[in-house]
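> what follows is a predicted protein model with its sequence.
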Amino acid sequence: MTEAAEPDFDVIVIGAGIAGAITAYQLATQGRSVVLIERGEAPGAKNLSGGVLYCRGMQEVFPDFLTEAPVERRITRNYINFLNADSSIGIDYKDTRLSDPVNAVTVLRAKLDPWLAEKCEEAGVFLMPGVRVDKVLTEDGPTGKRVVGVKAGDDELRAHVVVAADGVNSFISQEVGLRTKEPLNHLAIGVKCVVNLPRETIEARFSVTGDEGAAFAIVGDCTQGIGGGGFMYTNTESISVGVVLRLDDLTAKNKSTTDILDYFLAHPFIAPYLEGGEVVEYGCHLVAEGGLAMLGEISMDGLVVVGDAAGLTLNTGLTVRGMDLAVASGVAAAKGIGAALDSKDTSKVGLAGYREALFASYAGKDMETYAKAPAFLETERMYKEYGELIGNVLYGVFNLDNSPREHLLKVAMKAFKKSPVKIKHLIKDGLAGVRAL
Ligand SMILES: Cc1cc2nc3c(=O)[nH]c(=O)nc-3n(C[C@H](O)[C@H](O)[C@H](O)COP(=O)(O)OP(=O)(O)OC[C@H]3O[C@@H](n4cnc5c(N)ncnc54)[C@H](O)[C@@H]3O)c2cc1C
């Protein structure tokens, strides 16, 4: 037998983040009985901040997402920045095509998650906030251990399928042995805060108007040599700003996350954007950074894993994506679970449609395309030497100090001589970058 006996629900979803809510919503619209369990007092209570959501996947689920959901700003300006202690070099990419059709929006999870939960309830999902799932219930089946439900305090609930959507730490997928303790280079720590500022101040400082917004990806002095980067995103009346730091590098260099964030916020090229603002939220969270290498088994008899819990995050250095992958994995999981429920086979074999649907979607394909990105981002030179090298070349070009001018090639060769970066590094890293990104 491949089914749990007399379940309370068709499906139990653990975690009302984006991945859990989308899975639950899609299953409810198929007519399945679904319970969505969230440990926070309300959905979003544990997801204080937000970020840039590449929203096309979300719009396939909710066609009116952009007009109905609590979105902040449409991102039309992407600024890529090399930050040095005394200089800042950027590529300022502004494109009206990014606003029609809308490509990405900023969201605050404290607003978005409750909206998603409301949509779930409207579709018939039974929402249980303020309940922490402590463990899954298992039974021995013909093909090994099978998940048949969950335990929360003294209560037990049973279902044909349990969905682990419990985020990057996913105790559930670790408990059932689908994920082991991750090596440190698969994880980063994100430290971020939300700074309130008047709407017109944001628009003037970030050169945007109306509901347009800007996303800054920053590398270099913002992390003080630690692998990772900084970011600044404009919300309607606040800025989300922070750093993502590779855990292995942070541990090896024994630096404090709060010191690095404070340094970044006070940096002479960052502070003017935030001046006069009030910090209204502050928090740290792990980020999955292992890419495809981190995505192992995502299903077993009676259980599937979605979103961050499955390691579905992509950091290419230019974009940090997790929310849109959470959407795609929720859609794929609901498809796979629906097919398994129809065929009355919710074993790992019966649930195989989830993996197939995931790898047929943009999420699985992008994980494959950027499989080499995590290794490329371990290139130490990117976090200090390259920014300083470019800064020194530009200083040589623009600093007219009444000494005779030299051709650009000569200026560049002098800067190279002073830098630990050699031409061979440039070729090697350039090729690795082209292959990874
Ligand atoms: C600093 C930082 C910046 C980021 N920036 C971006 C960005 O700009 N763009 C982007 O796309 N992504 C970004 N990400 C990644 C993004 O936040 C995640 O990929 C996304 O939130 C994953 O969604 P999820 O639903 O899988 O997990 P989560 O959003 O973590 O949701 C998990 C939910 O499960 C609940 N839960 C956990 N355990 C239990 C339990 N035992 N019982 C009941 N409930 C439980 C939690 O309370 C939570 O509500 C960023 C992450 C960080 C840390």
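Arrived safely. Nothing here was measured: the structure is a model prediction, and the numbers come from that model. Numbers count the residues shown, from 1 in each chain.
> who are the contact partners of residue 414?
396, 406 (Cβ atoms under 8 Å, 6 or more residues apart in numbering). Backbone N, C-alpha and C define where each C-beta goes, glycine included.
> hmm, I was thinking of residue 301
Neighbour list for residue 301: 2, 141, 143-147, 346-348 [criterion: Cβ under 8 Å, 6+ apart].
> which among these end up buried?
2, 141, 145-147, 346-348 (16 or more other Cβ atoms under 10 Å).
> nearest to the ligand, of the contacts of residue 301?
Of all the contacts of residue 301, the ligand sits closest to residue 147, with 14.1 Å by Cβ to the nearest ligand atom.
> that's a strand at the closest one, yeah?
Yes. Counting by DSSP: H, G, I helix; E, B strand; the rest coil, residue 147 is located in a strand.
> going forward, the N-terminal residue is numbered 26.
In the new numbering, first residue 26, that becomes residue 172.
> which ones are touching the closest residue to residue 154 other than its chain neighbours?
Once flanking residues are discounted, residue 154 sits nearest to residue 63: 4.8 Å by Cβ to Cβ, 6 or more residues apart in numbering. When contacts are counted by Cβ under 8 Å, 6+ apart, residue 63 touches 40-41, 45, 71, 142, 152-156.
> look up phi and psi at the residue lying closest to residue 224 once chain neighbours are set aside.
Using Cβ to Cβ, 6+ apart and skipping the chain neighbours, the partner closest in space to residue 224 is residue 262 (5.2 Å). Main-chain dihedrals, residue 262, degrees, to the nearest 10: phi -130, psi 30.
> quick check, residue 262 in contact with residue 228.
No. With contact defined as Cβ atoms under 8 Å, residue 262 does not count as touching residue 228 (10.5 Å).
> higher neighbour count, these two?
More crowded of residue 262 and residue 228, by other Cβ atoms under 10 Å: residue 228, with 19 against 13.
> which of the helices or strands spans the nearest residue to that one once chain neighbours are set aside?
Spatial nearest neighbour of residue 228, chain neighbours left out: residue 234 (5.8 Å); criterion: Cβ to Cβ, 6+ apart. Of the helices and strands defined by DSSP states H and E, none includes residue 234.
> what about residue 234, neighbour count?
Residue 234: 10 surrounding residues under other Cβ under 10 Å.
> cool, residue 315 as well?
By other Cβ under 10 Å, neighbour count at residue 315 equals 18.
> spit out the contact partners of it.
Contacts of residue 315 by Cβ under 8 Å, 6+ apart are 207-208, 210-212, 336, 399.
> buried sites along stretch 299-309?
Buried residues in stretch 299-309 (16+ other Cβ under 10 Å): 299, 302, 306.
> now do stretch 389-401
389, 391-392, 395, 397-399, 401.
> again, but for stretch 278-286
Using 16+ other Cβ under 10 Å as the test for burial, stretch 278-286 gives 280, 282, 285-286.
> can you flag which of those residues belong to helices?
Among the buried residues of stretch 278-286, the ones falling in helices (DSSP state H) are 282, 285-286.
> got the residues of the stretch 226-375 of the chain near the ligand?
267, 269, 310, 312, 332-334, 338, 345-349, 351 (Cβ under 6 Å from any ligand atom).
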